[in-house]
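Visitor: Return a 3D structure for these sequence lines:
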Amino acid sequence: MNHTKKSIVQLIFAMMVMTVAATAWASDTVDSSPVVNINNASEAELTYLPGIGPATAVHIVQYRQKQPFKQTKHLMRVKGIGRKTFQKIEKYIVVEGKTTATQKIRSISK
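Guide: I've put the predicted structure just below:
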């Protein structure tokens, strides 16, 4: 009986270690990059995006008032946003969900 208890304790300990390891791995694989929802972010929040200033933020808001963005690439239809700017901000923009950026995003060059 003593041997059985020891085996159970070892099994429980091993499961706890595996759970902690799996949790750590999962947190490393989740992309926690800040994002800006281009359909509902304020003008100030839009300026958190690299290369987007106040004037371009106004253009984004004006555009989406007429027609919400269905895809992020549609942002290139806005005056002041070309392919280079879009490529710089693409990984930081979404059309659904919350804006999670709370400050200016510093883009990392590829």
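
Visitor: Just the residues contacting stretch 68-79, thanks.
Guide: Outside stretch 68-79, the residues that touch it by Cβ atoms under 8 Å, 6 or more residues apart in numbering are 38-39, 56, 59-60, 63, 81-83, 86, 89-90, 93-95. All C-beta atoms are positioned from the backbone trio N, CA, C, and that covers glycine.

Visitor: What's the end-to-end length of it?
Guide: 15 Å (Cα to Cα, to the nearest Å).

Visitor: buried set for it?
Guide: Phe69, Thr72, His74, Leu75, Val78 (16 or more other Cβ atoms under 10 Å).

Visitor: picking up where we left off before, quick check: of the contacts of stretch 68-79, which lies closest to Lys104?
Guide: Nearest to Lys104 among the contacts of stretch 68-79: Ile89, at 11.9 Å, using Cβ to Cβ.

Visitor: May I have the phi/psi pair for the closest one?
Guide: phi -110, psi -10 (degrees, to the nearest 10).

Visitor: Quick check, it in contact with Gly51.
Guide: Yes. Taking contacts as Cβ atoms under 8 Å, Ile89 lies within contact range of Gly51: 6.5 Å.

Visitor: of these two, who's got more company?
Guide: Shown here are Ile89 and Gly51; by other Cβ atoms under 10 Å, Ile89 has more neighbours (22 against 17).

Visitor: domains of this structure?
Guide: Taking automatic domain parsing as the reference, the chain has its domains at 1-30, 36-94.

Visitor: Mean neighbour count, those domains: which tops it?
Guide: Mean neighbours per residue, mean count of other Cβ atoms under 10 Å, is largest over the domains of the chain for domain 36-94, with a mean of 16.

Visitor: any idea how far it is from the chain center?
Guide: From the chain centre to the centre of domain 36-94 is a distance of 15 Å (Cα atoms, centre = their mean, to the nearest Å).
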